[in-house]
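J.: Got a predicted model here, sequence first, then my questions.
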Amino acid sequence: HQALDVIARIVAAIEAMPMVAVRSVDRAGMVRFWNHTCARLYGVATADALGRPLESLLRPAAMADDYAAAIARVWRTGQPGAARDWCMRLADGRTV
């Protein structure tokens, strides 16, 4: 029960961050977590993002090779990469 409580607190803290878009995908690229900031920034409700391929929602608008390498490194090492901003192209053509 303690582990579940800790996880619930972490998720609540992530949801409450108004300036940080946090999303998570599985190895197949399917969205598993999408916080409120993602919904606002990308214009896709959480319910509509969950279970969909991330690439159907957004793709790197620049430096796609760097982005792919960064994601591959996380999966290979299990370690988060350095925080950085990425320019992403949304399904409707907008860039954020």
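T.: Thanks, I have it.

J.: Which parts of this protein are helices?
T.: Secondary structure of the chain (DSSP state H): helices located at 2-16, 36-42, 46-49, 64-77.

J.: show me the contacts for Glu55.
T.: The contact partners of Glu55, by CB atoms under 8 Å, 6 or more residues apart in numbering, come to Gly29. C-beta coordinates here come from the backbone N, C-alpha and C atoms, glycine included.

J.: go on, Ala70?
T.: By CB under 8 Å, 6+ apart, the neighbours of Ala70 are Gly81.

J.: could we number from 804 for the rest of this?
T.: Done: numbering now begins at 804, and the last item shifts to Ala873.

J.: Check it and give its pLDDT.
T.: Predicted confidence (pLDDT) for Ala873: 90.

J.: Just list whatever residues bridge to Arg892.
T.: Beta-bridge pairing for Arg892 (DSSP bridges): Arg862, Thr898.

J.: Tell me the pLDDT of it.
T.: 93.

J.: one step back: mind giving me a markdown table with the helices of the chain and columns for distance to Leu861?
T.: Listed next are these as a markdown table, based on distance: least, CB to CB, whole Å:
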| stretch | distance to Leu861 |
| --- | --- |
| helix 805-819 | 18 |
| helix 839-845 | 6 |
| helix 849-852 | 10 |
| helix 867-880 | 11 |
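
J.: which of those is buried the deepest?
T.: Across those, averaging neighbours per residue (mean count of other CB atoms under 10 Å) puts helix 839-845 on top, at a mean of 17.

J.: what residues does it touch?
T.: By CB under 8 Å, 6+ apart, helix 839-845 touches 818, 820-826, 847-849, 852, 860-861, 891, 893, 899.

J.: Could you give me the ChimeraX selection string for whichever of those are buried?
T.: Selection of buried members from the contacts of helix 839-845 for ChimeraX, criterion 16 or more other CB atoms under 10 Å:
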select :824,826,847,852,860,861,891,893
